[in-house]
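Q: no sequence for this one, just the structure:
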């Protein structure tokens, strides 16, 4: 039960934080509020992950669309009124565990290890 609550809280936090990521599009005006207007909790989760991964300026525009896409998928799972909480949890875990497939080609070995640790922390049941 504690694991389910932790997973749901982390998923919600991740989803909220990823929702604040700016969508990078050429010649498009920014649609998101400036970072200064984001709540500290929203900024902290994303900043923490980005800081942990130590993304380079070259990596950031490649990684952000993956986070945005994953956030949209996580939100769709949470909004699915036909799925049970167990199914939502399973789908959420699948999405989170699928991040390395998308991100690892863009990351160096140290970043890959950091991402693996982050995902393990989220998906491993706590006693």
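A: That came through, no problem. What you see is a predicted model; the values in this text were computed from it and never measured. Numbers count the residues shown, from 1 in each chain.

Q: could you point out the longest helix in this structure?
A: Assignment by DSSP state H gives helix 60-79 as the longest helix of the chain.

Q: what is the orientation angle of the helix or strand that comes right after that one with helix 60-79?
A: Toward the C-terminus, helix 60-79 is succeeded by helix 85-97 as the next helix or strand (DSSP states H and E). Helix 85-97 runs at 170 degrees relative to helix 60-79, counting by axes from the mean of the first three to the mean of the last three Cα atoms, to 10 degrees.

Q: Can you give me the distance of residue 71 to residue 92?
A: The gap separating residue 71 from residue 92 is 12 Å, by Cβ to Cβ, to the nearest Å. To be clear about C-beta, it is placed using only N, CA and C from the backbone, and glycine gets the same treatment.

Q: quick one: which of those two has more around it?
A: Shown here are residue 71 and residue 92; by other Cβ atoms under 10 Å, residue 92 has more neighbours (23 against 20).

Q: Would you mind confirming that the more buried one makes contact with residue 73?
A: No - counting by Cβ atoms under 8 Å, residue 92 stays clear of residue 73, with 9.2 Å between them.

Q: coming back round to it: tell me what the longest helix of the chain is packed against?
A: helix 2-19, helix 40-53, helix 85-97, helix 99-103 (3 or more Cβ pairs under 8 Å, 6 or more residues apart in numbering; DSSP states H and E).

Q: Which elements pack onto the shortest one?
A: With contacts taken as 3+ Cβ pairs under 8 Å, 6+ apart, helix 99-103 sits against helix 60-79, helix 109-123.

Q: out of the ones you listed, nearest to residue 49?
A: Closest approach to residue 49 among the helices and strands packed on helix 99-103 (Cβ to Cβ): helix 109-123, 6.7 Å.

Q: how about stretch 61-80: buried residues?
A: Within stretch 61-80, the residues that qualify as buried are 63, 64, 67, 68, 70, 71, 73, 74, 77, 78, counting by 16 or more other Cβ atoms under 10 Å.

Q: average pLDDT across it?
A: For stretch 61-80, mean pLDDT rounds to 88.

Q: Quick one: the helices and strands packed on helix 99-103 as CSV, columns for distance to residue 102 too.
A: Formatted as CSV, the helices and strands packed on helix 99-103 follow (distance: least, Cβ to Cβ, whole Å):
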stretch, distance to residue 102
helix 60-79, 5
helix 109-123, 10
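
Q: Great, nothing more from me.
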